[in-house]
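Q: okay, predicted coordinates and the sequence, questions at the end:
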Amino acid sequence: MEDHEDHTHPLLTPRHHTPDPAVVFTAKSDDIAPIAGAGDFAREFFAESKKLWYLAGPAIFTSVCQYSLGAVTQVFSGHVSTLALAAISIENSVIAGFCLGITFGMGSALETLCGQAYGAGQVHMLGVYMQRSWVILNATAILLTLLYIFAAPLLRAIGQTEAISAAAGDFAVWMIPQLFAYAVNYPAQKFLQAQSRIMVMAWIAAAALVLHTVFSWLLMLKLRWGLVGAAVVLNASWWFIDLAQLVYIMGGACGEAWSGFTFKAFHNLWGFVRLSLASAVMLCLEVWYFMALILFAGYLKNAEVSVDALSICMNILGWTIMVSFGMNAAVSVRVSNELGACHPRTAKFSLLVAVITSTLIGVMLSMVLIIFRNQYPFLFSNDSEVRKIVVELTPMLALCIVINNVQPVLSGVAVGAGWQAVVAYVNIACYYFFGIPLGLILGYKLDKGVMGIWSGMLLGTILQTCVLFFMVYRTDWNKEASLAEDRIKQWGGHEDSKTHAIAKNDQET
């Protein structure tokens, strides 16, 4: 039985490691062959593009639908009262936005673990990883409830008016169920993404958005429930997404990936916490960086006009980033799957295809903005001074769109390869030690205003992108594939796969 077991799966084969895993690592025979010419490149590019867009298309649609839940609530709240709009906007962007960044970031650890385990054929470990993430994220959510409970004094402390702070504080307390919905949703999303089960998430998100729109109108406007109605519908919409995903997962559609609840979810939690925290820090440093841009603009001389103009640009940038988020998820799944399957050349080529595709998309979107730079500001503001600043900022916005279509792809590769901790340090150095100080010097010291702040911070993003490019260029992909194999063993895949193989053999005999 031992001989049979050792040859059932490559991960079960004993291996003597040396300090350099690349020396002993051998890619599987079904990895793509080295590219020999333009014909080979075109053929492989087309094949990989189909795989990427199979994941990226539904992922983009899902991101847009979920992003729109809060936006729809804000639209209807504007018809309730000015105070309701302000309260919901502040809660969504400050309290919920902060907590969403942390839970989404911590859940991104599963992109590494589930993706590599699925690629390596350790499908039965995906459910265990998801349950470990649920334990950690729900424990984190319990701590984050303090932000919701004490939202009113926190908002007063950062300068919000008494009326807005009180209304937003009440709304935040009502939105605590949404926080725990985040904690359930993101691990389930990464679990499904790792298996390329993206379409089911897209259908669920679309249904949630339709129902959310109908019931928001009914409760907030027709029945005049106001902020209470907004909280009820927004909480219900997120939990609808969660329950629909859980029904799909636990109903048998995922096969061996879900075999029920297990106490293994509580094993090796501290190591899981460290990877989750590294993922959260990596993502949150990027999200908070752009939130700081608007905050700094609020302290300029002509603050209201500057903030309005910059908010318009950030709104456009936010929608375009949804495209890059979809590509981020797709390339993360592709790289982690291929590394887990011991296909280093395929992982590297997938990255190349994703970078080329995202760059072309960014360039096309930027060209549209440049061509219509004198027309599109009318869609957002009637103030001529605000429109003038938006026109002046459009070249900067166009460049930012191109950079922010490439940078998330590289971040997706970092998540797929398990580099979260290293990238977190890179983000701190490039964003907070270089970009923000430079932006403040240009904006305030040299009196360049909002253009100066944005220029400095954009240079920080460009520096971070260059560092990630250098990291990817210097990467030994054979070594990364070998490390992926080691990571699966470390997180329990090796032992569990051995037990799984023995049990299967016993059943056959």
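A: Looks like it arrived, so ask away. Residues are numbered from 1 along each chain as shown.

Q: low-confidence bits of the stretch 301-450 of the chain, can you list those?
A: The stretch 301-450 of the chain contains residues with pLDDT under 70 at 301-304, 307-308, 311, 380-381, 412-418.

Q: what segments of it are helices?
A: 303-340, 344-371, 384-417, 420-427, 436-440, 449-473 (DSSP state H, counting those that start in this stretch).

Q: turn these into a markdown table, including mean neighbour count.
A: Just so you know, the C-beta spots here come from the backbone N, C-alpha and C atoms, and that holds for glycine as well. As requested, the helices of the stretch 301-450 of the chain are exported to a markdown table (neighbours: other Cβ atoms under 10 Å):
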| stretch | mean neighbour count |
| --- | --- |
| helix 303-340 | 23 |
| helix 344-371 | 19 |
| helix 384-417 | 21 |
| helix 420-427 | 20 |
| helix 436-440 | 18 |
| helix 449-473 | 19 |
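
Q: which one of those helices lies closest to Asp31?
A: Evaluated over the helices of the stretch 301-450 of the chain, closeness to Asp31 peaks at helix 344-371, with 5.0 Å, by Cβ to Cβ.

Q: give me the helices and strands touching that closest one, please.
A: Counting contacts by 3 or more Cβ pairs under 8 Å, 6 or more residues apart in numbering; DSSP states H and E, helix 344-371 packs against helix 38-77, helix 303-340, helix 384-417, helix 477-490.

Q: next one: it to chain centre, how far?
A: Centroid displacement of helix 344-371 relative to its chain, using Cα atoms, centre = their mean, to the nearest Å, is 18 Å.

Q: any idea how far Ile321 is from Leu293?
A: Noted for Leu293: a distance of 14 Å to Ile321, by Cβ to Cβ, to the nearest Å.

Q: what of Ala265?
A: Per Cβ to Cβ, Ala265 is found 33 Å from Ile321.

Q: before we move on, what about Cys430?
A: Distance, Cys430 to Ile321, using Cβ to Cβ: 18 Å.

Q: got CSV for the helices of the stretch 301-450 of the chain, with distance to Trp134 too?
A: Shown next, in CSV, are the helices of the stretch 301-450 of the chain (distance: least, Cβ to Cβ, whole Å):
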stretch, distance to Trp134
helix 303-340, 20
helix 344-371, 28
helix 384-417, 19
helix 420-427, 19
helix 436-440, 35
helix 449-473, 30
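
Q: of those helices, which is nearest Ser276?
A: The nearest among the helices of the stretch 301-450 of the chain, by Cβ to Cβ, is helix 420-427 at 9.0 Å.

Q: what angle separates that closest one from helix 384-417?
A: 150 degrees (axes from the mean of the first three to the mean of the last three Cα atoms, to 10 degrees).

Q: switch to numbering from 25
A: Happy to do that; since the first residue is 25 now, the last one works out to helix 444-451.

Q: which elements pack onto helix 444-451?
A: Using 3+ Cβ pairs under 8 Å, 6+ apart, helix 444-451 is in contact with helix 293-321, helix 408-441, helix 473-497.

Q: angle of the helix or strand harbouring Phe122 against helix 408-441?
A: Per DSSP states H and E, Phe122 falls inside helix 121-131. Interaxial angle of helix 121-131 relative to helix 408-441 (the same axes, to 10 degrees): 20 degrees.

Q: and helix 121-131, what's its mean pLDDT?
A: Helix 121-131 comes out with an average pLDDT of 82.

Q: can you tell me what sits against it?
A: 157, 160-161, 164-165, 168, 171-172, 203, 206-207, 209-211, 213-214, 300-301, 303-308, 311-312, 315 (Cβ atoms under 8 Å, 6 or more residues apart in numbering).

Q: please, a ChimeraX command that selects the buried ones among the residues you listed?
A: Buried residues among the contacts of helix 121-131 (16 or more other Cβ atoms under 10 Å), as a ChimeraX selection:
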select :157,160,161,164,165,168,171,172,203,206,207,209,210,211,213,214,300,301,303,304,305,306,307,308,311,312
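
Q: what number of residues lie near Met274?
A: If you count neighbours by other Cβ atoms under 10 Å, Met274 ends up with 13.

Q: right, and it touches Trp282 too?
A: Yes. In this structure, Met274 is within contact of Trp282 by Cβ atoms under 8 Å, at 6.2 Å.

Q: how does this protein divide into domains?
A: Domain ranges of the chain: 71-291, 303-521, per automatic domain parsing.

Q: mind listing the shared neighbours of Leu317 and Ile345?
A: Common neighbours of Leu317 and Ile345 (Cβ under 8 Å, 6+ apart) do not exist.

Q: what about the helices in the stretch 175-324 of the chain?
A: 175-181, 186-198, 200-218, 222-240, 250-272, 293-321.

Q: and these: which comes nearest Ala141?
A: Nearest of these (Cβ to Cβ): helix 200-218, 7.5 Å.

Q: mind giving me the packing neighbours of the closest one?
A: Using 3+ Cβ pairs under 8 Å, 6+ apart, helix 200-218 sits against helix 121-131, helix 133-143, helix 150-173, helix 222-240, helix 250-272, helix 327-364.

Q: Serialize the ones you listed to TSV and add fields for distance to Leu376.
A: Output for the helices and strands packed on helix 200-218, formatted as TSV (distance: least, Cβ to Cβ, whole Å):
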stretch	distance to Leu376
helix 121-131	26
helix 133-143	18
helix 150-173	27
helix 222-240	22
helix 250-272	32
helix 327-364	10
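
Q: out of those, which comes closest to Ser105?
A: Across the helices and strands packed on helix 200-218, closest to Ser105 is helix 250-272 (Cβ to Cβ), at 7.5 Å.
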